[in-house]
Structure formats: structure tokens, C-alpha cells
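**Q** Predicted coordinates and the sequence they were generated for:
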Amino acid sequence: MQTTTSQYRKLQQHLDRLPIGFPETESGVEIRILQHLFTPEEAEIAVFLNLLPEKIQKINKRLKKKKKNLTESELEKVLDNLNEKGAISRHITQDGTKYFSIAMLAIGMFEFQVNRMTKEFYTDFAQYLEEAFRDEFLSTRIPQLRTIPTEGSITPELPIMTYDNIRHIVTNYNGPIAVTNCVCKQGQDMLNNPCKQTKMREICFIFGSAARKYAESDWGKVLTKDEAFEILKQAEKDGLVLQPSNTEKIFCLCLCCGCCCEILTSAKPLENPVQYFATNYRAIVNIETCIGCGICENRCQMDAISIEDGKSVIDYSHCIGCGLCVTSCPQEAMKLEHVGHQRKPPKNTGLLYMSILRKKIGNAKFIIMLTKQLFGKTF
């Protein structure tokens, strides 16, 4: 029988092969994170899950080859329990067929801890972020989220693609939209470090089948589109950055601040943090009309604006084109413009993560991994 440590280490190594990996640390904090979510027996089973969703029968066939004899109903019970703990992903089709897949730490297991977050888990996550996961999370130049302009900053003079237009995205989305609590803010609240930007907590949107999952699991609630726009209106007033999934077919939308959001706070102290964001816009200031009131400086969640000689100055190594400075300028001295190179997001979630993984491991290993999954093996 394996030791407990080796069971978790095998799972850590399995997770580290995902598009956003799960690297080992000297402190072993990554093992503690897994222990929050998996029993040793569950960790043994989780290593047989793939990145792509699969039916129980396919997963169980792999288990039996390793002489791990569970009936399909026993395996289904284990995987359902892991899903309920937010440790793996489960998708249920309209005919009731279940598909299971491994989940990354983020976006994934961390976000699945919404409404069940503990101080111990968040503390370990924060330590892991410092020791290894921030570098892993930011290492890809294909981010999981992108930044789009807040609605009030879009003017007739700024041509904007539909996938960058929040009103078009929500209005034309054909499927359920749910809202859930911000898991980052829940963690910060537990550390007695409440958000300085907004009092709102239900500010993370989930779309499609995931929205149904969140509602059914009581992790969130389904919204009408009018209700969604009310939240977005208040978010713009409070000064929150719009960060949808980096896909044309949206699967999530985060409303982020510079004091709680793990993405903004992780990137902001780094040199040239804009390189870690997918954005098509940046702010520009009209020096003639700017009065240096400092409102934009206070609104900026990336510390990209300062007041020098009575005028706003923009640091383009930090500006991510969110448009919050535009909506708050009393002199209308701020506006957005296109950056030189326009980024079109991948069409859907699958293409996004396949692109990240291909860039991470190279074409040859990528093809081998897909071939293994095609023949029912773990990657």
C-alpha cells in the first residue's frame, strides 16, 4: 500500500501536467492544499481523471487495468463526492449522462471553494501563490481571463468588437447566467482584510451549463439579464474591472478590484505587468482639458495613473484598458484607444486550454498527450 504522502505526490504530479500546472515546493504547501480536498483514497482515484471530460465507464476501465476494482456505481459515488467538495469537475448532459474531468487549481478548485472557503485553505493557497503558483499562473502568455472596457467608457469614436462589448455579450448570450460570491473576497474577509473598493460580494458571473451547476449546488443563483446589468452598473460605479474568460463563447466574468483579485494583485507589483493581460485597449489623456483632480488615479486598480505637474500621466506598462478612468473623469479628459495589436480570443474553452497546453509543452508532446486520451489513457 502506498504511503499517504506518495498518494498526494502522484496527484500533484498529475495536476502539474495540466495547462496551468501545480508545481512542487520545498515547503510542501501544495500537498496540504490537496489534503483539504482529497482523502488519500480519493487522491489515488483522481490521478485516473483526464483534462477532457469522460464517462464513468472509460475512467473505470483505466482503474481496473491498475487492479483497482470498483464497481461503476462505487466509482460514481466517489466522483460525485469529489465534485460536491469542489475538487474535480462534473458535467451532466440533458439526458442525465455524467462526464468527469480533473480540475486545475485556478480557474478550478480554488473557485469551487466559494461559500465553503475556510481560513486554513485560503491561507495555504496564499502561501502557495507566493512560493510557486503565481509564477505558474502567469507563465503562459495566453491568460485565462482578458480585460474589456466597462460599458460607460465605450464611445461612438471607439470601434469595438462584439466579444469586447459587455452589453452585447450579456444581451446576446443564449443560456443561463448565474452569479456567485467572489471567492477572493471571501478569503480576504476571513483574514479580516475586507475589500476597500466595494461592499458587493455577489459579483462573479457563470455562464451556460456551469451556471446550472452552480445554481443546483447552491453555490450561486440564476439571474435575469436585467439583474445582471444592475450588478454591472453598480460594479462600474464602484470601480471594478471587467475580466471575462479569454474566449469568444464566454464561460465566466469576474468583476475585479486591485485589493482582492488574485490576478490583479499578483501582476501589479511585477515589472511590465500589462504583458500578462489580454487587452485591446489603453487609456489616453487630453492634457489640455485635464485638471489633475486625481479621481482617475484613485479609480485605477493597476496603479497606472499618477498626477505630475497637475496633470494625469499614464504608465502603459500597467494600463490594461479597463476604462474606469474614462467613466469617472469630470472633464472628459480621458478616453480609450486601441492598442497596436488586436487580440482575438479563442472561440471556446476547449481551444483556450489546448492553446495554453500546446504553448507549455510544445507541439510534439501535445500530440502525444491527445493521442493517449483518444485511446483512453491518462495524459
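**A** Received, thanks.

**Q** Helices of the stretch 51-200 of the chain, start to end?
**A** Counting by DSSP state H, counting those that start in this stretch, the stretch 51-200 of the chain has helices at residues 56-65, 72-84, 119-128, 134-139, 166-171, 183-190.

**Q** could I get the ones you listed as CSV with mean pLDDT?
**A** What follows is the helices of the stretch 51-200 of the chain, written out as CSV (pLDDT from 0 to 100):
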stretch, mean pLDDT
helix 56-65, 92
helix 72-84, 95
helix 119-128, 97
helix 134-139, 90
helix 166-171, 96
helix 183-190, 96
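
**Q** Nearest to residue 351 among the ones you listed would be which one?
**A** For the helices of the stretch 51-200 of the chain, the distance to residue 351 is smallest for helix 166-171, at 17.7 Å, taking CB to CB. C-beta coordinates here come from the backbone N, C-alpha and C atoms, glycine included.

**Q** Show which residue of the chain lies farthest from the average position.
**A** residue 288 (39.3 Å; CA atoms, centre = their mean).

**Q** Can I get the helices of the stretch 51-200 of the chain in TSV including distance to residue 242 and mean neighbour count?
**A** Formatted as TSV, the helices of the stretch 51-200 of the chain follow (distance: least, CB to CB, whole Å; neighbours: other CB atoms under 10 Å):
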stretch	distance to residue 242	mean neighbour count
helix 56-65	37	16
helix 72-84	29	16
helix 119-128	24	18
helix 134-139	20	17
helix 166-171	6	17
helix 183-190	15	22
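
**Q** Ok, which of these comes nearest residue 155?
**A** helix 166-171 (13.4 Å).

**Q** C-alpha coordinates for the closest one, CSV please?
**A** In CSV, the C-alpha atoms belonging to helix 166-171 read as follows (Å, rounded to 0.1, in the frame of the first residue of the first chain):
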residue,chain,number,x,y,z
ILE,A,166,-20.1,43.7,-22.3
ARG,A,167,-23.7,44.8,-23.3
HIS,A,168,-23.5,42.7,-26.4
ILE,A,169,-22.1,39.7,-24.6
VAL,A,170,-24.8,39.6,-22.0
THR,A,171,-27.7,40.6,-24.2
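
**Q** What is that helix packed up against?
**A** When contacts are defined as 3 or more CB pairs under 8 Å, 6 or more residues apart in numbering; DSSP states H and E, helix 166-171 packs onto helix 225-238, strand 241-244.

**Q** can I get those in a markdown table with mean pLDDT, mean neighbour count and distance to residue 87?
**A** Supplementary listing: those in a markdown table, determined by pLDDT from 0 to 100; neighbours: other CB atoms under 10 Å; distance: least, CB to CB, whole Å:
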| stretch | mean pLDDT | mean neighbour count | distance to residue 87 |
| --- | --- | --- | --- |
| helix 225-238 | 97 | 16 | 29 |
| strand 241-244 | 98 | 26 | 25 |
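
**Q** Present those as JSON lines; the columns should include distance to residue 256.
**A** Shown next, in JSON lines, are the helices and strands packed on helix 166-171 (distance: least, CB to CB, whole Å):
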{"stretch": "helix 225-238", "distance to residue 256": "9"}
{"stretch": "strand 241-244", "distance to residue 256": "5"}
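
**Q** Measure how buried the nearest residue to residue 152 once chain neighbours are set aside is and give me the count.
**A** In space, residue 152 comes closest to residue 327 once its chain neighbours are excluded; the distance is 4.0 Å by CB to CB, 6 or more residues apart in numbering. Per other CB atoms under 10 Å, the neighbour tally for residue 327 reads 19.

**Q** one step back: okay, the residue farthest from the centre of the chain: pLDDT?
**A** pLDDT, residue 288: 96.

**Q** any idea which helix or strand carries it?
**A** Taking DSSP states H and E as the definition, one finds residue 288 inside no helix or strand.

**Q** and residue 133, which of the helices and strands packed on helix 166-171 is closest to it?
**A** strand 241-244 (18.2 Å).

**Q** So which residues make contact with stretch 274-286?
**A** Contact with stretch 274-286 is made by 138, 141-143, 145-149, 158, 161, 164, 246, 267, 270, 304-305, 311-314, 316-321, 323, 325-326, 333-339, 342-343, 345, as judged by CB atoms under 8 Å, 6 or more residues apart in numbering.

**Q** State the helix or strand in which the residue nearest to residue 66 when sequence neighbours are not counted lies.
**A** Distances taken as CB to CB, 6+ apart put residue 48 closest to residue 66, at 7.7 Å, once the chain neighbours are dropped. Using DSSP H and E, residue 48 sits in no helix or strand.

**Q** Do I have it right that residue 191 meets residue 120?
**A** No - assessed by CB atoms under 8 Å, residue 191 is found out of contact with residue 120, at 11.4 Å.

**Q** What does residue 310 show for phi and psi?
**A** Backbone torsions of residue 310, given as degrees, to the nearest 10, read phi 80, psi 20.

**Q** In this model residue 137 seems to touch residue 266, though I could be wrong.
**A** Yes - with contact defined as CB under 8 Å, residue 266 counts as touching residue 137 (6.8 Å).

**Q** follow-up on the earlier one: how about the helices of the stretch 51-200 of the chain, which one is nearest residue 257?
**A** Judging those by CB to CB, what sits closest to residue 257 is helix 183-190, at 8.3 Å.
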